[in-house]
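**Student:** build the 3D model from these lines:
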Amino acid sequence: MEQEIQRLYLNDMTQQKLYKIFGLRKVAAMPELTDWLTDLPTLTEREITVAQVYQERLLENIDSWNEQELSLGFIGPILN
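**Tutor:** This is a model prediction of the structure:
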């Protein structure tokens, strides 16, 4: 029996649909990511503090930010 292909259109996607389709879920910690990040360069106390501030900001706003707000409010400052 041939499987039907479902077409997905970006403009129809919502966060809820993405969570359902791809089995996504929010997690506070991810061991695989923690393991991957263990070989990063050592950060200064100031860098750690800044990263934590932006992490908290991200967690507070992730459900309401659009792509541009995410870029300006989190990705850009972290890369800077």
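**Student:** who does the top helix by length along the chain touch, helix- and strand-wise?
**Tutor:** Counting by DSSP state H, the longest helix found in the chain is helix 45-61. Here helix 45-61 touches helix 76-79, going by 3 or more CB pairs under 8 Å, 6 or more residues apart in numbering; DSSP states H and E. All C-beta atoms are positioned from the backbone trio N, CA, C, and that covers glycine.
**Student:** who touches the helix it packs on?
**Tutor:** With contacts defined as CB atoms under 8 Å, 6 or more residues apart in numbering, helix 76-79 is touched by 51, 54.
**Student:** ok now it, how far from the chain's centre?
**Tutor:** 14 Å (CA atoms, centre = their mean, to the nearest Å).
**Student:** distance check, the residue nearest in space to the middle of the chain against residue 26.
**Tutor:** What sits nearest the mean C-alpha location of the chain, by CA atoms, centre = their mean, is residue 62, with 7.8 Å. Distance of residue 62 to residue 26, computed by CB to CB, to the nearest Å: 8 Å.
**Student:** repeat for residue 32
**Tutor:** 15 Å.
**Student:** and residue 63, by the same measure?
**Tutor:** Residue 63 is 9 Å from residue 26, by CB to CB.
**Student:** model confidence score at residue 25, please.
**Tutor:** At residue 25, the pLDDT value in this model is 85.
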